[in-house]
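Sequence first, then the predicted structure, then my questions.
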Amino acid sequence: MVSMEAPTAPEWQVDVWLNTPAPLELSQFRGRVVLLHAFQMLCPGYVSHAVPQAERVHREYAELGVSVVGLHTVFEHHAAMTPVALEAFLHEYRVTHPVGADVAVAGTPVPETMNRCGMRGTPTLVLIDRAGKLRLHEFERMDDLRLGMMLGRLLAEGLQAGGATQEAGSRLVISRSDGTGVSSWPAG
């Protein structure tokens, strides 16, 4: 039986960061699960589904070890989707997690990170595990239940401490530091 290890997620290339006091690098998130959602603010699928989904994950799972990062990957309508317009969009839609603007590449409409990650369009959702490995790359809309299941699996992998405990080798329990939001399921 051949075992394939997940590839290391490529570092994102960002011109401008919003909703964060300093630029972010993927390496800063080692030890956390990262939900990277790539979008264009004029994408109907992003506005109707991915914005609310990413914000829910950001608000509900940050204390459990999930970091949400948005990547504005403009590959069409470049003149309309400037950093100033993006800042207004994030304010209007109450997006509070960090968002970076993907680096434009001269001579092509496809920005750098979008190209490096092989993204076909928006919305695209990427899950990166605690070790920085690329575990899911999903183009278009992702169902909330499927995303929750995937996040639960990644959170459970190799958890030693920080809100998760193994009880008698039979159940994994994850809770926030204030004791709310407890989840448990059979381990292993």
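Right, received. Where do you want to start?

M41 against V47, yeah?
Yes: the criterion here is CB atoms under 8 Å, and M41 meets it with V47 at 7.5 Å. Using the backbone N, CA and C atoms, a C-beta is placed for each residue, glycine as well.

out of these two, which sits in the more crowded spot?
Between M41 and V47, M41 has the larger neighbour count (other CB atoms under 10 Å), namely 22 against 16.

any idea which residue sits dead centre in the chain?
Geometric centre of the chain, nearest residue: L35, 1.7 Å, by CA atoms, centre = their mean.

That one looks like it's in a strand, true?
Yes: according to DSSP: H, G, I helix; E, B strand; the rest coil, the state of L35 is that of a strand.

In contact with the nearest residue to it once chain neighbours are set aside: list those residues for me.
Among residues not flanking L35 along the chain, V68 sits closest, at 4.8 Å (CB to CB, 6 or more residues apart in numbering). Contact analysis of V68 by CB atoms under 8 Å, 6 or more residues apart in numbering lists 34-35, 37, 54-55, 57-58, 62, 97-98.

What is the neighbour count of the residue nearest to I128 when sequence neighbours are not counted?
Nearest non-adjacent residue to I128, counting by CB to CB, 6+ apart: V34, 4.1 Å away. By other CB under 10 Å, 23 other residues sit near V34.
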